[in-house]
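Colleague: Below is the sequence, then the predicted model.
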Amino acid sequence: IDYRLEYTMQSGKLKTTNLNTTDTDGVLNGADQYDLEVGYTLDGDVKPRFGFELFSAGKNYQQLYPTGHKWLGHLDLFGRRNVGGMAVHVAVPFQDYTFKFDYHTFNRVDKDYSVYGVTGTTWSLPAGTDVAIGNEMDLQIGYKVSAAMSMNLGYASFSPGAALTALSLNKSPSLMYLEM
């Protein structure tokens, strides 16, 4: 059994300016995020690993170095702010190859706030709509060319949830890539 736990808590004041007054006092910002993954590798010749992950980032969380790629799917649709969900991971090594499958579900933590992209821009989801953002599936085949080089061929696809389809944002982006 292996595990990974990440927890971040933020506090302080966000600088705001109200255009109708001269008030520039900061707004109290309290936010946190966590990411917990538990995995199990079977014993034997092939040694497949199965993992389960839970994640959540509050509505006020400000991601310092924005990248969700490793934790929130290969399409990089969402950043760590007002997003939560779960993921299932499967990795099967075989000789010089590794086959990976990841499946993520995404939900808004607070339905009265939007969800945000990796760069911090909002998706402009109105308050009170459904919390289900959607699901992402990632497939990857890795090949170890040498001790210093590997190649990966991958495919990622997103299926929108009720919060997006209610706004006619029901596009299903996908991505195929080759990296060396």
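Modeller: In hand now; what should we look at?

Colleague: tell me the contacts of the residue nearest the centre of the chain?
Modeller: Nearest to the geometric centre of the chain sits Leu72, at 1.8 Å (Cα atoms, centre = their mean). Residues in contact with Leu72, defined by Cβ atoms under 8 Å, 6 or more residues apart in numbering, are Phe55, Phe78, Gly79, Arg80, Val83, His104, Phe106. Bear in mind the C-beta positions are built from the backbone N, C-alpha and C, glycine included.

Colleague: what about burial for those, which qualify?
Modeller: If you count burial by 16 or more other Cβ atoms under 10 Å, the buried members of the contacts of Leu72 come out as Phe55, Phe78, Gly79, Arg80, Val83, His104, Phe106.

Colleague: Nearest to Leu64 among these?
Modeller: For these, the closest approach to Leu64 (Cβ to Cβ) belongs to Arg80, at 9.6 Å.

Colleague: Next, work out how far apart the closest one and Gly117 are.
Modeller: Separation of Arg80 from Gly117 (Cβ to Cβ, to the nearest Å) stands at 11 Å.

Colleague: would CSV of the buried ones among the contacts of Leu72 with distance to Gln95 and secondary structure be doable?
Modeller: Listed next are these as CSV, based on distance: Cβ to Cβ, whole Å; DSSP: H, G, I helix; E, B strand; the rest coil:
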residue, distance to Gln95, secondary structure
Phe55, 32, strand
Phe78, 35, coil
Gly79, 37, coil
Arg80, 36, coil
Val83, 37, strand
His104, 28, strand
Phe106, 34, strand
